[in-house]
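Colleague: here are the coordinates; sequence isn't available:
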């Protein structure tokens, strides 16, 4: 199983080679931080893969050939933004998958971490606010799901 995480890391390094973030730093550093925030194996694998489809010509079928689980592939499809959709439509798709939500939260948390930003302009602030709104929406959904899971099921009364 560990080999799949290594495969995801190698694939991310290959896809993001030469790509830089808004601050001019290697983009793969963002990807690795998202991966490191993962709380379990699937979150870490998806964290490493979360931008490979958007930033390459690879398809889900290409990724499937590498041996990743159907669970990770489904979440990867959900977390990959499509060119024709608005940001809101994209977030609506992400929230349909619990693994995609968790990794998107990790992604947004890293993108909104101002320690990685040297200077903010007006467009940065607009993007940051849009991301913050999505982050809070998804965080609320995760908290509601956890609350539902922790509520004890009442035993049926006997007549």
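Modeller: Right, received. Where do you want to start? As the structure is a computational prediction, the values presented were derived from the model and not from experiment.
Colleague: Distance check, the spatially closest residue to residue 98 that is not a sequence neighbour against residue 42.
Modeller: Of all residues not flanking residue 98 in the chain, residue 145 sits nearest, at 7.0 Å (CB to CB, 6 or more residues apart in numbering). No exception for glycine: its C-beta is placed from N, CA and C like everyone else's. Distance of residue 145 to residue 42, given as CB to CB, to the nearest Å: 16 Å.
Colleague: ok, now residue 134?
Modeller: According to CB to CB, residue 134 stands 21 Å off from residue 42.
Colleague: and what of residue 109?
Modeller: As judged by CB to CB, residue 109 and residue 42 stand 18 Å apart.
Colleague: Show the average pLDDT along the lengthiest helix in the chain.
Modeller: For the chain, the helix that runs over the most residues, judged by DSSP state H, is helix 122-150. Mean pLDDT, computed over helix 122-150, is 87.
Colleague: which helices and strands sit right next to that helix?
Modeller: helix 87-94, helix 98-111 (3 or more CB pairs under 8 Å, 6 or more residues apart in numbering; DSSP states H and E).
Colleague: now, of those, which is deepest in the fold?
Modeller: helix 98-111 (a mean of 21; mean count of other CB atoms under 10 Å).
Colleague: Tell me how far it lies from the chain's centre.
Modeller: On the basis of CA atoms, centre = their mean, to the nearest Å, helix 98-111 is displaced by 4 Å from the centre of the chain it belongs to.
Colleague: Other residues contacting that helix?
Modeller: Here helix 98-111 makes contact (CB atoms under 8 Å, 6 or more residues apart in numbering) with 30, 33-34, 37-39, 42-43, 46-47, 50, 71-72, 74-76, 78-79, 91, 94-95, 116, 131-132, 134-135, 138-139, 141-142, 145.
Colleague: can you tell me the average pLDDT over it?
Modeller: 95.
Colleague: quick one on the thing from earlier: give the buried subset of the contacts of helix 98-111 as a ChimeraX selection command.
Modeller: The ChimeraX selection below is limited to those of these classed as buried (16 or more other CB atoms under 10 Å):
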select :30,33,34,37,38,42,43,46,47,50,72,74,75,76,78,79,91,94,95,131,134,135,138
